[in-house]
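Enquirer: below: sequence and its predicted model.
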Amino acid sequence: MLTLYDSEVSSRLLLGTARYPSPGILAEAVKRSRTEIVTVSLRRETAGGRGGGAFIEMIRALGVRVLPNTAGCHGVSEAVLTAKMARELFGTKWIKLEVIGNDDTLQPDVFALVEAARILSGEGFEVFPYTTDDLVVAERLLEAGCRVLMPWCAPIGSAAGPLNLTALRSMRAHFPGIPLIVDAGIGRPSHAATVMELGFDAVLLNTAIAGAFDPVAMAGAFAKAIESGREAFGAGMLEPRDVAVPSTPIIGKAVFA
Ligand SMILES: CC(=O)[C@@H](O)[C@H](O)COP(=O)(O)O
């Protein structure tokens, strides 16, 4: 089981809800993924009267927990205000905090992120911060009250997969007791398995499933990869070696008459 703040979940896949070909396909992908948590962008779903109410009802009907997010927010006050609206709309203390600092890479503004996390934690929110793999920023987020961290592994939507395995490994080693969820940049099930094998607690992804030719089948593939990566981590993997080690033990010598 995975404990996020005071809630326990068994699925280690958190799913984004944007960019699916249709609401029906999204609903089927959520079921096939066996996720228990989906993230919903408050700004997108409530903007411009684009059927946001119906969308939110459809998500509620799926029986999964909603992790509202502040996607698209660029500053502390915008993110804090959006989080407060999300709390009212969804009736949850959870917030996936995104404060974007660069529009080309969608990289978080980590200074504003820490500040917004401090304000929101002080107001009783349980903050899931979308951050970089920087250890110092991670420390500041924990000091600000976060009890979960969500480092990227590549830019949002890039599907590039883990670009800096060394940084991810070091993050895992520095924060052994903190739930770490890789968020953003996962492109393939093998990427998800790789970060789970490193000991990450879960993966949050959107584009790789929503943008696949068959999102429902891809949701199933990711679910298996994440479970398998977790199981391998728990089973204790071998460290790679530079020299060969015979896999068949040789005892004595064959005798040829
Ligand atoms: C849906 C969401 O919250 C995204 O902002 C998230 O970061 C996932 O990123 P990918 O789309 O790269 O999986």
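Expert: Received, thanks. Numbering: from 1, shown residues only.
Enquirer: all contacts plus neighbour counts: C-alpha atoms, from now on.
Expert: OK.
Enquirer: which bits of the stretch 1-150 of the chain sit near the ligand?
Expert: Counting by CA under 6 Å from any ligand atom, the residues of the stretch 1-150 of the chain close to the ligand are Gly16.
Enquirer: contacting residues around the residue in the stretch 1-150 of the chain that the ligand sits nearest to?
Expert: Residue of the stretch 1-150 of the chain nearest the ligand, by CA to the nearest ligand atom: Gly16 (3.9 Å). Contact analysis of Gly16 by CA atoms under 8 Å, 6 or more residues apart in numbering lists Val38, Thr39, Val40, Leu204, Leu205, Asn206, Thr207.
Enquirer: partners of Thr68 in the sheet?
Expert: You called it Thr, but residue 68 is Pro. Val40 (DSSP bridges).
Enquirer: okay, now it: neighbour count?
Expert: The tally of other residues near Pro68 (other CA atoms under 10 Å) stands at 28.
Enquirer: from Gly53, how far off is it?
Expert: 14 Å (CA to CA, to the nearest Å).
Enquirer: one more: Leu89?
Expert: Applying CA to CA to Leu89 and Gly53 gives a distance of 10 Å.
Enquirer: cool, and Thr17?
Expert: 14 Å.
Enquirer: these two - which one has more neighbours?
Expert: More crowded of Thr17 and Gly53, by other CA under 10 Å: Thr17, with 22 against 12.
Enquirer: can you pull the pLDDT of that one?
Expert: At Thr17, the pLDDT value in this model is 96.
Enquirer: same deal with the one 10 residues further on?
Expert: The predicted structure scores Ala27 at 96 on the pLDDT scale.
Enquirer: contact partners for it?
Expert: Ala27 sits next to Ile59, Leu62 when contact means CA under 8 Å, 6+ apart.
Enquirer: quick check, it in a helix?
Expert: Yes: Ala27: assigned to a helix according to DSSP: H, G, I helix; E, B strand; the rest coil.
Enquirer: pretty sure Glu231 is in a strand, no?
Expert: No: under three-state DSSP, Glu231 sits outside any strand and is assigned helix.
Enquirer: for it, report the pLDDT, please.
Expert: Value for Glu231, per-residue pLDDT: 98.
Enquirer: same question for Thr166.
Expert: Thr166 is assigned a predicted lDDT (pLDDT) of 98.
Enquirer: how about the one 10 residues further on?
Expert: For Pro176, the pLDDT comes out at 97.
Enquirer: for Gly53, same thing?
Expert: Reading off the confidence values, Gly53 has pLDDT 80.
Enquirer: so it, which of the three states?
Expert: Looking at Gly53 with three-state DSSP, the answer is helix.
Enquirer: next one: Val38
Expert: strand.
Enquirer: list the contacts of it.
Expert: Residues near Val38 by CA under 8 Å, 6+ apart: Leu14, Leu15, Gly16, Thr17, Val64, Arg65, Val66, Leu67.
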